[in-house]
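Asker: sharing a sequence plus its predicted fold:
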Amino acid sequence: MKKLFVLLFVICGFAGFSQTSADVKFTVKKHSFGKIKQNVPVTYTFTFTNASTSKALIVESAEAECGCTKPVYPEAPIGKGKKGTIKVTYDAKSAGTFTKKVTVKFANIAEPVILVIDGDVKAATKK
């Protein structure tokens, strides 16, 4: 019985320290650049709010699915009620349509957030 009580205490204790995806509110999770010029990088800044009532948000990682996309995220914790940003840059070296995903992982939140950028890179004209 004592072991059961200790096990329940440990499980409940860990649950109290975790956050949920509801603690992170992004203004938008997808951005379309539309038509862009080849070899001219484009950047979009995704904004999120820490909706937690008690804890700071920590971005553990933001990983793009390819080397043509580079995310930059805050290294400092985002306090409750404060805003943070994730800047995503696409290099636009290849002509054609694109859709790229960035997976954002927050500390103590099981589900990552997926951010999406897309657009159509128009081939550079030769001089």
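Answerer: Perfect, thanks for sending it. Residues are numbered from 1 along each chain as shown.
Asker: pick out the residue closest to the middle of this protein.
Answerer: Of all residues in the chain, the one closest to the mean position by CA atoms, centre = their mean is residue 104, 3.3 Å from it.
Asker: surely that residue is in contact with residue 73?
Answerer: Yes - judged on CB atoms under 8 Å, residue 104 makes contact with residue 73 at a distance of 7.0 Å. In short, each C-beta sits where N, CA and C put it, glycine included.
Asker: specify the beta-bridge partners of residue 84.
Answerer: Applying DSSP bridges to residue 84 gives these bridge partners: residue 48.
Asker: quick one on the thing from earlier: can you say which helix or strand has the residue nearest to the centre of the chain in it?
Answerer: strand 96-106 (DSSP states H and E).
Asker: walk me through which strands that strand pairs with, and which way each runs.
Answerer: strand 59-64 (antiparallel), strand 113-122 (antiparallel).
Asker: any idea how far residue 105 lies from residue 62?
Answerer: Note on residue 105: its distance to residue 62, by CB to CB, to the nearest Å, is 8 Å.
Asker: ok, these two, which is more surrounded?
Answerer: residue 62 (22 against 16; other CB atoms under 10 Å).
Asker: pLDDT score assigned to that one?
Answerer: Note on residue 62: pLDDT of 98.
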